[in-house]
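Engineer: Pasting the sequence and the predicted coordinates here, then a few questions.
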Amino acid sequence: MNVIQKSALLVLFIASTSIFAADKTLSTGTINVISSTPLPSIGLSLDIIPSNIQVINRGDLKNQAGVTIADFAANNLQGVTINETQGNPFQPDVSFRGYSASPLDGNPQGISVYLDGIRINEPFGDTVRWDLIPSFAIQGMQLVPGSNPLFGLNTLGGAIAIQTKSGRTNPGGAIEISGGSWGRKNASAEYGGVSKDDSVDYYLGVNYLDEDGWRKFSPTTVKQTFGKLGWQNESTKIDLTYLNANNDMIGNGVVPQEMMTSFGREVIYTRPDQTRNFLNQFTLNLSHWINNDVMLSANTYYRRSNRNTINGDVNGDFDDDPLNACQGAAGNDNRLCKSVMNRTKTRQNSYGIQAQLAFNQDLFGKKNQFIVGTGYDRSVVRFSQIQEFGQSFDATRAPSELIGFVDQAVNLKGKTETWHMLATDTLSMSDLVHINAAARYNHTKVKNTDFLAGTQFHYADNGANHNHGDAGGNHTFNRINPSVGLTLTPNQNITMFGSYSESSRAPSTIELGCADQANPCLLPNAMASDPPLKQVVAKTYEAGLRGKLTENIRWSASTYQAINHNDIQFIFSGQTSHGYFDNVGRTKRQGVDLGLGGNLEKLTWNANYSYIDATYDSNLSLVSESNIAKDINNKISVAKGNRLPGIPEHQFKVRMQYQVMPDLALGANLIAYSSAYMVGNENNISQGSIGSGKTPGYAIVNLDTQYNFGRTGWKAFAKAINVFDKYYSTAGRLGENHFDAAGRFDDDASRSTMVSPGAPRAGWIGLRYEFGGAEKKD
């Protein structure tokens, strides 16, 4: 009997012995209805939705301030983990049930993210730039599990839907300042309101953060602006929103374990690793009641997202030859250069429109809600990358003695168009039985144009001339993704559900442009030829229930199995950061989520446990140059059942908040994760002299407090993370270390475990002043 069968029996046993009702939110508040699509609609009661949706409201977020919404998710939500691969708090790699929403090109993405109904996964690689989401302006959030086809492409493991503030939900103003560890200085201001005739509402907020970072040479500056202007009457509501971000971040990535042991966890491997993100986004949302039972919802958007990166690294092609030197003269070999400075530019323009009709009308005398919709999205991406080689590294491990030669490695243009149609119906056969069915058709075209195809480049293979490969090509992907679900509500005290769903992800511009094993790319850069890739299809089964043990104690239990068909992964070719994208067959994620929470007089508490069994479901061969079991071609054999790297098998979270007095609250979070295999150890074996090939498990404690100065509008708050100063790592990769014990470049690389160290103990304090009605809001 496998874990899914055992979990299903557990769920059925609890269902047969329980007669309780479900509470829907992390906090003590209740949210009764939720839209079943990204667009706002009439909504459905959560009691009849066949899914364990986790709902967060503004009060929850205010109690646990974080620099991104990902902070809150990692501390509180079932199945969510964070890998600090970039070493920057604004660039987390977020995982839910083993599916990723990451800012890193090359990570296999599997979660779609929506902001006010607009999908904000970047078109170039389906990545998510968490620094562009203004956490100060978030009103609420839902984490929707499973391969829900209604949330569109890339919803392989789940979707995150975020709603922003308005002048109606947040009247009045607020000014906030905070500071503390790592030289962090943060200031924000916001103001909202409604016109005298109640027809117009407005909201404007700004946020500025600057810090030195806790690792060496890792400063960050974040500037965000968000505004919303709304109009409504008895039947129509229109909202126009504007989002601007201008962020400069440095996160210096993984570091060899032995360097961290010698120099401390703040040490870096090479530098710089700078990312500059710029965003302008306009969104127009419309909701209109055609009559008492029919609602029209629509939106349109324009999004311009630019990204510049500078990355100093070891030259992956370095091959020392004492008879030659890296001098930059014509005919010399760039493989003799020890360092390289990579610079990239990404320009992304996206726009789209979507609309739907929701019919809340009885069918054959039964309660029924039917939604039908369509939409179109288009993006144009321009990506370029240049390399400049250097003779060595300086004392800070930045490339030095650059030879003055600049090689343009990539000049690529990608166009992506997607048409979709969707329909969903929820029929309540009785007060006990509710049936849901949905389907979405996606038609996606991807066209890549390589402006360097056929041109010659130098400084490789002993100075010989070579032709660039062609990363261009035209690709079309079509699929109908269905879902079906059943919900049972025998009374107001229990909800049971089961569902089956499918979703897909079309290969992105970067994946199609870097899919040739014979011509590996420098992640996320030098594109080569463009073999076709198959789209990823996820098929998910889920069952669960939720309820109350008492009037003040809530619980939930769910079990799931999700299988990715034709999964796409970035396969390292053996060179530093080089590799290619390929379909690797099937991967499987299955597990259990358990939750318990409630209120005991002045104490509010929640506890969550998640078991995630994430494995390869096909046999395959991968290149892993630093794996102890590699063959003469640097390949390892990965067997069906081997665990996917970077995904802890167990996680446990506890949140407690105690109201010491009416104006003073104290909060604490415990977050614990088991060990996880490193990237490069997909065959799951011990790596001999460099260790087990795993990042060890860890547990950390975070604290927070809020104090209201009576009814003056003044509030003080404080937060401390990793209060016991635990040394831990959130992710790792088998690799090569080119620096000796003194931090000097070594021509002979040694096998190493490269890890992402977790942040040390740190704390911040702040003041907030609310006025004009804001001080009366939760």
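Structural biologist: Thanks, I have it.

Engineer: check which helix or strand covers L357.
Structural biologist: For L357, the enclosing helix or strand under DSSP states H and E is strand 339-359.

Engineer: quick one: buried residues of that strand?
Structural biologist: 339-348, 350, 352, 354, 356-359 (16 or more other C-beta atoms under 10 Å). Every C-beta, even on glycine, is put in place using the N, C-alpha and C of the backbone.

Engineer: Go ahead and produce CSV holding the CA coordinates of it.
Structural biologist: Only the C-alpha atoms of strand 339-359 are listed here, as CSV (Å, rounded to 0.1, in the frame of the first residue of the first chain):
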residue,chain,number,x,y,z
SER,A,339,37.4,34.8,-15.4
VAL,A,340,34.5,36.1,-17.4
MET,A,341,32.0,39.0,-17.0
ASN,A,342,28.6,38.2,-18.4
ARG,A,343,26.1,41.0,-19.1
THR,A,344,22.6,40.5,-20.2
LYS,A,345,19.7,42.7,-21.3
THR,A,346,16.1,41.5,-21.4
ARG,A,347,13.3,43.7,-22.8
GLN,A,348,9.7,42.3,-22.4
ASN,A,349,6.5,43.9,-23.7
SER,A,350,3.3,42.2,-22.9
TYR,A,351,-0.3,43.0,-23.4
GLY,A,352,-3.6,41.1,-23.5
ILE,A,353,-7.4,41.1,-23.0
GLN,A,354,-9.8,38.6,-21.5
ALA,A,355,-13.5,38.5,-20.7
GLN,A,356,-16.0,36.1,-19.2
LEU,A,357,-19.7,35.8,-18.4
ALA,A,358,-20.9,34.3,-15.1
PHE,A,359,-24.4,32.9,-15.0
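
Engineer: what's the pLDDT at the residue nearest the centre of the chain?
Structural biologist: The chain has A101 as the residue nearest its centroid, 2.3 Å off, counting by C-alpha atoms, centre = their mean. A101 carries a pLDDT value of 95.

Engineer: which residues does it form a beta bridge with?
Structural biologist: According to DSSP bridges, the residues that bridge with A101 are V94.

Engineer: I figured it was touching V128, is that so?
Structural biologist: Yes: counting by C-beta atoms under 8 Å, A101 does reach V128; the two are 4.4 Å apart.

Engineer: just to revisit the earlier point, tell me the contacts of the residue nearest to the centre of the chain?
Structural biologist: V94, S95, Q109, G110, I111, V113, N121, V128, I160 (C-beta atoms under 8 Å, 6 or more residues apart in numbering).

Engineer: low-scoring stretches of the stretch 451-600 of the chain, by residue?
Structural biologist: 454-469, 515-532, 572-579 (pLDDT under 70).

Engineer: mind listing the strands for it?
Structural biologist: For the stretch 451-600 of the chain, the strands defined by DSSP state E, counting those that start in this stretch occupy 456-457, 466-467, 473-491, 494-505, 521-522, 536-550, 553-565, 568-572, 578-583, 587-600.

Engineer: export these to CSV and tack on distance to Q281?
Structural biologist: As requested, the strands of the stretch 451-600 of the chain are arranged in CSV below (distance: least, C-beta to C-beta, whole Å):
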stretch, distance to Q281
strand 456-457, 37
strand 466-467, 39
strand 473-491, 26
strand 494-505, 22
strand 521-522, 29
strand 536-550, 27
strand 553-565, 30
strand 568-572, 27
strand 578-583, 28
strand 587-600, 32
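
Engineer: Tell me which of these is the most buried.
Structural biologist: Neighbour counts (mean count of other C-beta atoms under 10 Å) averaged over each of these peak at strand 521-522, with a mean of 26.

Engineer: between the strands of the stretch 451-600 of the chain, which gets nearest to A395?
Structural biologist: Between A395 and the strands of the stretch 451-600 of the chain, the tightest spacing by C-beta to C-beta is seen for strand 521-522, at 25.4 Å.

Engineer: now for stretch 108-122, what's the gap between its first and last residues?
Structural biologist: 13 Å (C-alpha to C-alpha, to the nearest Å).

Engineer: show me the biggest strand of this protein in terms of residues.
Structural biologist: When the chain is parsed with DSSP state E, its longest strand is strand 399-428.

Engineer: what's the angle from that one to strand 339-359?
Structural biologist: 10 degrees (axes from the mean of the first three to the mean of the last three C-alpha atoms, to 10 degrees).

Engineer: any shared contact partners between A101 and V128?
Structural biologist: Shared contacts of A101 and V128, defined by C-beta under 8 Å, 6+ apart, comprise V94, Q109, I111, V113, N121.

Engineer: Is it correct that the first one is in contact with S100?
Structural biologist: Yes: at 7.1 Å, V94 and S100 qualify as touching, with contact defined as C-beta under 8 Å.

Engineer: what residues do these two have in common as contacts?
Structural biologist: By C-beta under 8 Å, 6+ apart, the residues touching both V94 and S100 are I111.

Engineer: how many other residues sit next to T705?
Structural biologist: 19 (other C-beta atoms under 10 Å).

Engineer: go on, G140?
Structural biologist: Neighbours of G140 using other C-beta under 10 Å come to 20.

Engineer: is it in a bridge, and if so with what?
Structural biologist: Assigned bridge partners for G140, using DSSP bridges, are N57, Q163.

Engineer: Flag the helix or strand of the chain with the lowest per-element mean pLDDT.
Structural biologist: Between all helices and strands in the chain, the lowest mean by mean pLDDT, DSSP states H and E belongs to helix 3-17, at a mean of 38.

Engineer: Any figure for the gap between the residue nearest to the centre of the chain and I133?
Structural biologist: According to C-beta to C-beta, to the nearest Å, A101 and I133 sit 11 Å apart.

Engineer: Check the contact lists of the two and give me the overlap.
Structural biologist: Joint contacts of A101 and I133 (C-beta under 8 Å, 6+ apart) are V113.

Engineer: thought L284 was touching N299?
Structural biologist: Yes: contact criterion C-beta under 8 Å: L284 and N299 qualify, at 6.2 Å.

Engineer: Have a look at these two and say which one is more surrounded.
Structural biologist: N299 (23 against 15).

Engineer: Roughly how far does that one sit from R382?
Structural biologist: Per C-beta to C-beta, N299 is found 26 Å from R382.

Engineer: for F497, same thing?
Structural biologist: 45 Å.

Engineer: N154 too?
Structural biologist: N154 sits 22 Å away from R382, going by C-beta to C-beta.

Engineer: So for these two, which sits in the more crowded spot?
Structural biologist: N154 (25 against 17).

Engineer: right, and that one touches I120 too?
Structural biologist: No: with contact defined as C-beta under 8 Å, N154 does not count as touching I120 (11.1 Å).
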